[in-house]
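Peer 1: Okay, predicted coordinates and the sequence, questions at the end:
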Amino acid sequence: MTKQKKQYSSKKASQFNIWRRIFQFLVCKIGYMIRLKLVYRIEVHGLENVPKDNRYIICPNHLSTLDPPLMVAVMPRSVSFMAKKELFDIPFLRWWIDWLGAFAVNRESLGPSTVKTVQTIKDSNWVLGMFPQGTRGIPGEIKGVTKGFAGLAKLTKCDILPVGIIGSNEVKRWPFTGKIIVNIGKPIPYDKNPDIVKEKWIEEIQKLTGFKYIEEEPATEGEQKNG
């Protein structure tokens, strides 16, 4: 009898338990924050903009692999981030990010299991985190923004909390010092038109980071065939 492979794209309420909260608290809110304060310089602005309830989705710009634990460290609630499904193919990393509350998604399309997991996150008093850019961007630029986050906000009736991250890409370089700035904006209400929410998020992130939005040209017919 073959052993059934564990699914990481769907999480039950029982998985957002006290043990994962404690693990996340010890690793990120204590361990990671100590590292941020002792080794790096960190500034966090706009915590007063974080809603008191959990009916919002944390949506930062994305510069570094440090961004997810950074968000967990500075936010008042436990956070569950979406992670590309390929990361769960790596044995130790799979265990690590699973225990930190992350769940797997297909970046090409968000299926029914994603919506169900997001609802479970809300019901468990956690908060969802996701990167509208999908992958890490270039410092100074905002590009690759899709409207999937805005559509998910509409389906789950959650507002968008825009967060600007500056400098997280620099601190990974020798001598591992630098400054990270986190600017938290005011919530963007969800809307039946995802394009409106996407445009508002881009506008807010430009203000919060000083980065410039780069609008990508649609792929040509030849590029689509080759892709």
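Peer 2: Done, it's in.
Peer 1: Distance-wise, check the residue most central in space within the chain relative to Trp19.
Peer 2: Nearest to the geometric centre of the chain sits Met130, at 2.9 Å (Cα atoms, centre = their mean). Distance of Met130 to Trp19, given as Cβ to Cβ, to the nearest Å: 24 Å. Heads up, the C-betas are built off the backbone N, CA and C, glycines and all.
Peer 1: What are the contacting residues of the longest strand along the chain?
Peer 2: The residue-count maximum for a strand in the chain (DSSP state E) belongs to strand 159-166. For strand 159-166, the surrounding residues in contact (Cβ atoms under 8 Å, 6 or more residues apart in numbering) are 49-51, 55-63, 67, 70-71, 149-150, 153, 180-190, 197, 200-201, 204-205, 207-211.
Peer 1: Which of these fall in helices?
Peer 2: 67, 70-71, 149-150, 153, 197, 200-201, 204-205, 207-209 (DSSP state H).
Peer 1: I'd like to know which of the residues you listed is nearest to Trp126.
Peer 2: Trp126 lies nearest to Met71 out of those, by Cβ to Cβ, at 12.5 Å.
Peer 1: who touches that closest one in this structure?
Peer 2: Neighbour list for Met71: 58, 60, 79, 81, 129, 163 [criterion: Cβ under 8 Å, 6+ apart].
Peer 1: List the beta-bridge partners for the last one.
Peer 2: For Val163, the residues forming beta bridges with it (DSSP bridges) are Pro60, Ile184.
Peer 1: how much space between it and Met82?
Peer 2: The gap separating Val163 from Met82 is 15 Å, by Cβ to Cβ.
Peer 1: just to revisit the earlier point, now the residue nearest to the centre of the chain: closest residue in space that isn't a chain neighbour?
Peer 2: Excluding the flanking residues, the one nearest Met130 by Cβ to Cβ, 6 or more residues apart in numbering is Met82, at 4.5 Å.
Peer 1: that's a strand at the one you found, yeah?
Peer 2: Yes: looking at Met82 with DSSP: H, G, I helix; E, B strand; the rest coil, it is inside a strand.
Peer 1: Please name the bridge partners of it.
Peer 2: Phe103.
Peer 1: Quick one: residues contacting Thr146.
Peer 2: For Thr146, the contacting residues are 132-134, 198, by Cβ under 8 Å, 6+ apart.
Peer 1: Lowest-confidence one in those?
Peer 2: Among these, Gly134 has the lowest pLDDT, at 78.
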